[in-house]
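J.: Sequence and predicted structure below; questions after.
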Amino acid sequence: MIHYLIVILEHDSAPFCCYDVKERGGPGLIPLDVLEKSVSFAIKNAIPVNFLCGNTALPPGYEELIASVDHVRMVPLARARSGEEAVFIIDGEEDLAHAHVLETGGLNNVILRVGKSEVPSLPSTVERLLGRFRRLNVILKEPGGFAEEDFSAYADALEDVRRILAGEYRKGSFLEISTLSDRVFLTNMNNCNAGTAHLTVAPNGRFYLCPAFYYENGEDCLAGPDDAVEIRNARLLTLENAPVCRNCDAWHCKRCVWLNRRLTSELNTPSHEQCVLAHLEREASRRFLEEIGRECGLNDRVTPIPKLDYLDPFDIISDRSRSPGEKEEHFARLLSRPLEDVPVSDLLRQIYTLDPGMLARLKELNSAVVDLEDGQ
């Protein structure tokens, strides 16, 4: 079920994820009739819209349509206005120079796009923005181009950001920095879910899995403006059909299907780069929780993050020295660690809430009778 719609208001709208906007100066604003159809689609399906904005001022007719639907604007910070409610995108020094637009002490949601060459300056950028965001979403541009030395630089930058965030928590300022805090508070996979949680409408009126597919190849669409949306091989977009990812606990990982296809030719198979970067962030999150969990009272509210002996779970899968049973045991042990201190009765009640039939299947695998009342 689609939870929200992304509408690209003009071809040169600010990129908000790892893709880039190529061929700038292409088609301008989305035609008014296409915007009207997009808004109508969202209203009929009772879903909100994320509008991607560019540099062009919108005519009154556009503003009226946008105001008619539950929505969020995503705006490049260099074009933002003081007091505006939006998700603000910082992509380069031009945007960063307008940090003053973000009100001090506000609840701003900010996206910070970072290229390889900008990774070493990430900690100083975070410090520069402190007090001007409630949540900072750090996005790495084109992570497919990362090499070993880039991974090392990113690990160092994460370590410095970890110290900054720990200092803020000690002051009682519980900010969110996606690459550190998300994994701490998640209990399950929370990926991008393009094609399963959201779809994109481009200025040409066509539907896409996400903006990246439109900018890479405008012909790679799901449907035309007047056609029913049909996703071929939609099962490949789901976590259930990604055997390694569904056993992984880097729960904050984007699991970007565009990057998957581009770098591995498989929608449901992440690249080595994507896995390593996600696990570097996971390790930084583990160290962050280990450092301030007790003194900030987090240990009583979140499950611990176990230490791993790898940065890419595919390394375990491809290790020919391990038998299938050893690989299965490895992942089972990893996934069970956060549950070790959960009472059996609580765990089974949660299972029952999610899928009552699962308890019956568990009984078939285990002849022991479980008493839900006393957890025996």
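T.: It's in.
J.: What residues sit buried inside the longest helix belonging to the chain?
T.: If you go by DSSP state H, the chain has its longest helix at helix 148-170. For helix 148-170, the buried set under the neighbour-count rule, 16 or more other Cβ atoms under 10 Å, comprises 150-151, 153-155, 157-158, 160-162, 164-166, 168-169. The way it works is simple: take the backbone N, C-alpha and C, and place the C-beta from them, glycine included.
J.: and those, which two are the farthest apart?
T.: Comparing every pair within the buried residues of helix 148-170 by Cβ to Cβ identifies Asp150 and Tyr169 as the most remote, at 28.1 Å.
J.: residues of stretch 97-116 that come out buried?
T.: 98-99, 101-102, 108-114, 116.
J.: Those residues in strands, which ones?
T.: Assignment to strands by DSSP state E places the following of those there: 109-114.
J.: about what we covered before: I'd like to know which elements the longest helix of the chain is packed against.
T.: helix 122-129, helix 178-185, helix 272-292 (3 or more Cβ pairs under 8 Å, 6 or more residues apart in numbering; DSSP states H and E).
J.: how about those in a markdown table, adding distance to Leu236, mean neighbour count and mean pLDDT?
T.: A markdown table is the format used below for the helices and strands packed on helix 148-170 (distance: least, Cβ to Cβ, whole Å; neighbours: other Cβ atoms under 10 Å; pLDDT from 0 to 100):
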| stretch | distance to Leu236 | mean neighbour count | mean pLDDT |
| --- | --- | --- | --- |
| helix 122-129 | 33 | 17 | 96 |
| helix 178-185 | 25 | 21 | 95 |
| helix 272-292 | 16 | 21 | 95 |
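J.: of all those helices, which lies closest to Ile305?
T.: helix 272-292 (4.0 Å).
J.: pLDDT of the strand or helix carrying Ile6, averaged?
T.: Per DSSP states H and E: Ile6 is located in strand 4-8. In this model, strand 4-8 has an average pLDDT of 96.
J.: neighbours around Lys140, how many?
T.: Residue 140: Leu, not Lys. Counted with other Cβ atoms under 10 Å, residues neighbouring Leu140 total 26.
J.: That one and Glu118: what is the separation?
T.: 9 Å (Cβ to Cβ, to the nearest Å).
J.: Over to Ala278?
T.: Counting by Cβ to Cβ - Ala278 and Glu118 are separated by 19 Å.
J.: Same question for Glu266.
T.: 29 Å.
J.: just His272 next, same as before
T.: 22 Å.
J.: I figured Ser271 hits Asn260, correct?
T.: Yes. At 6.9 Å, Ser271 counts as touching Asn260 under the criterion of Cβ atoms under 8 Å.
J.: phi, psi of Ile89?
T.: Ile89 adopts backbone torsions of phi -110, psi 120, taken as degrees, to the nearest 10.
J.: Just list whatever residues bridge to it.
T.: Taking DSSP bridges as the rule, Ile89 bridges to Pro76, Ile111.
J.: wait, it sits on Val101?
T.: No. In this structure, Ile89 is not within contact of Val101 by Cβ under 8 Å, at 12.0 Å.
J.: what about the helices in the stretch 251-376 of the chain?
T.: Here the stretch 251-376 of the chain has its helices, by DSSP state H, counting those that start in this stretch, at 257-264, 272-292, 313-317, 324-336, 344-354, 356-365.
J.: Which secondary structure elements does the third one sit against?
T.: The contact analysis (3+ Cβ pairs under 8 Å, 6+ apart) places helix 313-317 against helix 272-292, helix 324-336.
J.: Reformat those helices as CSV; add distance to Met74.
T.: Compiled in CSV, those are given as follows (distance: least, Cβ to Cβ, whole Å):
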stretch, distance to Met74
helix 272-292, 22
helix 324-336, 34
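J.: And the ones you listed: which comes nearest Leu209?
T.: Nearest of those to Leu209, taken as Cβ to Cβ: helix 272-292 at 16.5 Å.
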